[in-house]
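1. return atomic coordinates for the entry below.
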Amino acid sequence: MDTILVLAIATIVVVLMFEYTNGFHDAANIIATVIASRAMTPVQAVILVAFFEFLGPLLGGTAVANTIGKFVTLDDLDRVTALTIVFCGLLGAIAWNLLTWWRGIPSSSSHALVGGLAGVVVVAAGSNHVSWGFAELMHGELTGVAKVLVALILSPIIGFWVGYLLHKIMMAMLRGAHPSINRDLRHLQFVTSAGLAFSHGANDAQKSMGILTLVLVLGGFIPTFDVPFWVMLACSMTITLGILSGGWQIVRTLGFSIYKIRPLHALDSQMTAAGVIFASSLAGAPVSTTHVVASSIMGIGASERPKAVRWGKAREIVTTWVITIPGAALMSIGCYLVAQVFL
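-> Sure, this is the predicted structure:
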C-alpha cells in the first residue's frame, strides 16, 4: 500500500483517538457541577450531555477548525514528512491527555494539541513553519498561535469574572427565597448543562475537525481547506463516545475540590461556561472547557465566600495549565525522534 495513504490513515485514526480522549477527559468538566449539586444522576447527566455534545460539531460552524488547521504550514514539505509531523504532534497531545486523566488533573486538551503540534513542527521543520501571529498581534490582528494563546489565556479570566458577577446578581435576585427554590434550580440545570455540552462540542470537536482536514490537504486527498461533512460527523461521533466513557476522577476535582457546589453555584457555572465557550466558537477562538469551568467555579466561590475557595487546588490546576504546552511539546518531539528510527 502507498506510504502516503498508510500514513494518512494512521494519522486520521490518531486524530479520532485524540478526539476520543478529549471527550472522556472533558466529560467531567461538563457534568461535574451537575453531579455535585445533585441535579442529575451520573447516568442522566452523561446521556443528556452526550446528545447535545453530538449536535454541537454539526451545527456550530467551522470557525475554530479554520483557526486550528491553519496555525502550522507544512504544504512546502514532502507529504510523508508533513504527515509524520502531524501524526507525532497528535501522539504527544494524546499522551499528555492520558497522563493528566490518570492523575485526575483537569488540564487542557487545547493546550496539549497546540503544544504537541507546535513543538514537533519547530524541531522537525523549523519555527518558520508555525504561524506565530505575534507581529500581527502588535497591529491589532489576531491570527495563528497568538490567537490561540490569547483565547486560552483570556477565556478563564473572563470565566472567573463573569461567574463572579453573575453569581452576585443571582444571589441578589434570590435573596429571601424559600429553600424549595433549589428544586427549580436543579431542574433548570437540564437546560444549562445541555447548553454547555452543545457549546463544548461546537468548540472542542472543531479542533480535531481542523487537524483532520489539514491531514486530507497534506495527503493530497482534497484540494483546499474546506471541512467535509463526513469529517464533522466522524468528530461528532468520536467526541460523543468519549463523553459516554466519562472521566470520573476529574469530576471529584472540579465538583468537590475547589468549592462546595450547591444548585445555584452549579447553575451559574454552567451558564457562565456555556456563554463564554459559545461566544468563543463564533469568533473562531479555541478555548479550554476545563479552564473556563474551573475558573467560573472559582469566581462564583470568590463572590460568595473567598475563604471557602480551596485556592491550593486552584494553584495546582493553574500550574498544570502552565506546564501543559511544553509538556505536550516534549512528548510529541519524543514521538518524532522515535519515528525517525523507523522511517
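2. do you have the helices of the stretch 101-250 of the chain handy? List them.
-> In the stretch 101-250 of the chain, the helices defined using DSSP state H, counting those that start in this stretch lie at 109-124, 134-137, 144-173, 181-218, 229-245, 248-256.
3. quick check: which of the ones you listed is buried the most?
-> Burial among the helices of the stretch 101-250 of the chain, expressed as mean neighbours by mean count of other Cβ atoms under 10 Å, is greatest for helix 109-124, which shows a mean of 26. Just so you know, the C-beta spots here come from the backbone N, C-alpha and C atoms, and that holds for glycine as well.
4. just want the angle from it to helix 181-218.
-> If you take axes from the mean of the first three to the mean of the last three Cα atoms, to 10 degrees, helix 109-124 sits at 20 degrees to helix 181-218.
5. of all the helices of the stretch 101-250 of the chain, which lies closest to Arg310?
-> Proximity to Arg310 (Cβ to Cβ) singles out helix 248-256 among those, at 9.4 Å.
6. pLDDT below threshold where in the stretch 1-150 of the chain?
-> The model of the stretch 1-150 of the chain has pLDDT under 70 over residues 1, 25, 104-106.
7. touching, Leu91 and Met331? I think so.
-> Yes - counting by Cβ atoms under 8 Å, Met331 is a contact partner of Leu91 at 7.5 Å.
8. any common contacting residues for the two?
-> Taking Cβ atoms under 8 Å, 6 or more residues apart in numbering as the contact rule, Leu91 and Met331 both touch Gly116.
9. tabulate the helices of the stretch 101-250 of the chain (a markdown table), appending distance to Leu77.
-> Below are the helices of the stretch 101-250 of the chain laid out as a markdown table (distance: least, Cβ to Cβ, whole Å):
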| stretch | distance to Leu77 |
| --- | --- |
| helix 109-124 | 9 |
| helix 134-137 | 23 |
| helix 144-173 | 18 |
| helix 181-218 | 8 |
| helix 229-245 | 22 |
| helix 248-256 | 37 |
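10. so which of those comes closest to Thr11?
-> Nearest to Thr11, of all those, is helix 181-218, at 5.0 Å by Cβ to Cβ.
11. who are the packing partners of the closest one?
-> helix 3-36, helix 42-59, helix 63-69, helix 79-102, helix 109-124, helix 229-245, helix 263-282, helix 289-304 (3 or more Cβ pairs under 8 Å, 6 or more residues apart in numbering; DSSP states H and E).
12. using CSV, write down the CA coordinates of stretch 335-343.
-> Extracted in CSV, the C-alpha atoms of stretch 335-343 (Å, rounded to 0.1, in the frame of the first residue of the first chain):
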residue,chain,number,x,y,z
CYS,A,335,7.5,10.6,19.4
TYR,A,336,9.1,12.2,16.3
LEU,A,337,12.6,11.1,17.3
VAL,A,338,11.3,7.6,17.7
ALA,A,339,9.5,7.7,14.4
GLN,A,340,12.8,8.7,12.6
VAL,A,341,14.2,5.3,13.5
PHE,A,342,11.6,3.6,11.5
LEU,A,343,11.3,6.0,8.5
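13. residues in contact with it?
-> 80, 84-85, 87-88, 91-92, 95, 120, 123-124.
14. could I get those as JSON lines with distance to Ser245?
-> Listed next are the contacts of stretch 335-343 as JSON lines, based on distance: Cβ to Cβ, whole Å:
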{"residue": "Val80", "distance to Ser245": "33"}
{"residue": "Thr84", "distance to Ser245": "29"}
{"residue": "Ile85", "distance to Ser245": "29"}
{"residue": "Phe87", "distance to Ser245": "23"}
{"residue": "Cys88", "distance to Ser245": "25"}
{"residue": "Leu91", "distance to Ser245": "20"}
{"residue": "Gly92", "distance to Ser245": "21"}
{"residue": "Ala95", "distance to Ser245": "18"}
{"residue": "Val120", "distance to Ser245": "27"}
{"residue": "Val123", "distance to Ser245": "32"}
{"residue": "Ala124", "distance to Ser245": "32"}
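15. from the residues you listed, which is closest to Val46?
-> Taking Cβ to Cβ as the measure, Val46 sits nearest to Ala95 out of the contacts of stretch 335-343, at 25.3 Å.
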